[in-house]
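K.L.:
this is a predicted model, with the sequence first.
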Amino acid sequence: MKTKHHDQATRMTQALRDGGVRVTRQREALLRVLSESADHPDATELHRRAQLIDNTVSLATVYRTLTVLEREGVIHRHSFENGSSRFEVAAPGHHDHIVDLDSGDIIEFHSEKIEELQRRIAAEMGYEIVHHRLELYCRKV
C-alpha cells in the first residue's frame with residue numbers, strides 16, 4: 001500500500017536522478033527522514049535522524065542532497081529569524097507559518113481570509129501576487 005510518505009520519497013528520488021545525483025543508501029535514509037518529518041528540521045537534525053537509520057550518513061551528504069532537492073523544487077528551505085535554515089517537503093497548496101518564540105516550534109496554518117486580504121491589497125495597488133510567505137512570530141498567552 002502506497003502512503004503519502006512513500007509518494008514523497010519517490011518524488012525526491014526522481015528529483016535526485018533528474019539533478020544528476022546517485023541515489024545511495026545514505027541518501028535513501030535522508031529521503032526517508034524528510035518524508036516522515038512532521039516538523040521543519042534543520043540540516044543538523046536531519047543528519048542526526050538519518051544516522052539513526054544509517055550511521056554512515058555524513059553531514060556533507062545531507063547538505064549536498066538538500067541543495068539538489070531544493071533546486072529541483074521538491075523541498076522548501078525556510079530561513080526563519082533567529083535560527084538556521086529549516087526544511088520541509090514541498091506539498092500542493094499554500095500554507096503559512098507561526099514560529100513559537102519560546103519553544104521554537106513551527107506550526108503550519110492556512111487562512112483563506114488572510115489569502116483574500118493579501119490578494120485584495122495587491123490588486124488595489126495594481127499587482128497580482130506571484131508568490132508570498134507569511135511568518136508570524138508568536139508567544140502563547
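P.N.:
Thanks, I have it. Numbers count the residues shown, from 1 in each chain.

K.L.:
rest of the way, CA atoms for contacts and neighbours
P.N.:
Will do.

K.L.:
need the contact partners of the helix or strand hosting Leu66.
P.N.:
Assigned by DSSP states H and E, Leu66 falls within helix 59-71. Helix 59-71 has contacts (C-alpha atoms under 8 Å, 6 or more residues apart in numbering) with 12, 15-16, 19, 21, 26-27, 30, 43-44, 46-47, 75-77.

K.L.:
most neighbours, which of those?
P.N.:
Met12 (29 neighbours; other C-alpha atoms under 10 Å).

K.L.:
could you pull up the residues touching it?
P.N.:
Met12 neighbours (C-alpha under 8 Å, 6+ apart): 31, 69, 74.

K.L.:
most neighbours out of these, which is it?
P.N.:
Neighbour max across those (other C-alpha under 10 Å) = Leu31, 28 neighbours.

K.L.:
mind listing what the closest residue to that residue other than its chain neighbours touches?
P.N.:
Closest residue in space to Leu31, ignoring its immediate chain neighbours: Ala9 at 5.7 Å, by C-alpha to C-alpha, 6 or more residues apart in numbering. Going by C-alpha under 8 Å, 6+ apart, Ala9 touches 31-32, 34-35.

K.L.:
would you mind getting the angle between the worst-scoring helix or strand of the chain on mean pLDDT and helix 59-71?
P.N.:
Using mean pLDDT, DSSP states H and E, the weakest-scoring helix or strand in the chain turns out to be helix 4-18, at a mean of 86. Relative orientation of helix 4-18 versus helix 59-71 (axes from the mean of the first three to the mean of the last three C-alpha atoms, to 10 degrees): 90 degrees.

K.L.:
just the C-alpha atoms of the helix or strand just after helix 4-18, please, in CSV.
P.N.:
Once the chain leaves helix 4-18, the next helix or strand it forms, by DSSP H and E, is helix 25-36. C-alpha atoms of helix 25-36 as CSV (Å, rounded to 0.1, in the frame of the first residue of the first chain):
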residue,chain,number,x,y,z
ARG,A,25,21.8,4.1,0.7
GLN,A,26,22.8,7.2,2.7
ARG,A,27,20.6,9.4,0.5
GLU,A,28,17.7,7.0,0.8
ALA,A,29,18.0,7.3,4.6
LEU,A,30,17.8,11.1,4.4
LEU,A,31,14.8,10.9,2.0
ARG,A,32,13.0,8.6,4.5
VAL,A,33,13.7,11.1,7.3
LEU,A,34,12.5,14.0,5.2
SER,A,35,9.3,12.3,4.0
GLU,A,36,8.4,11.2,7.6
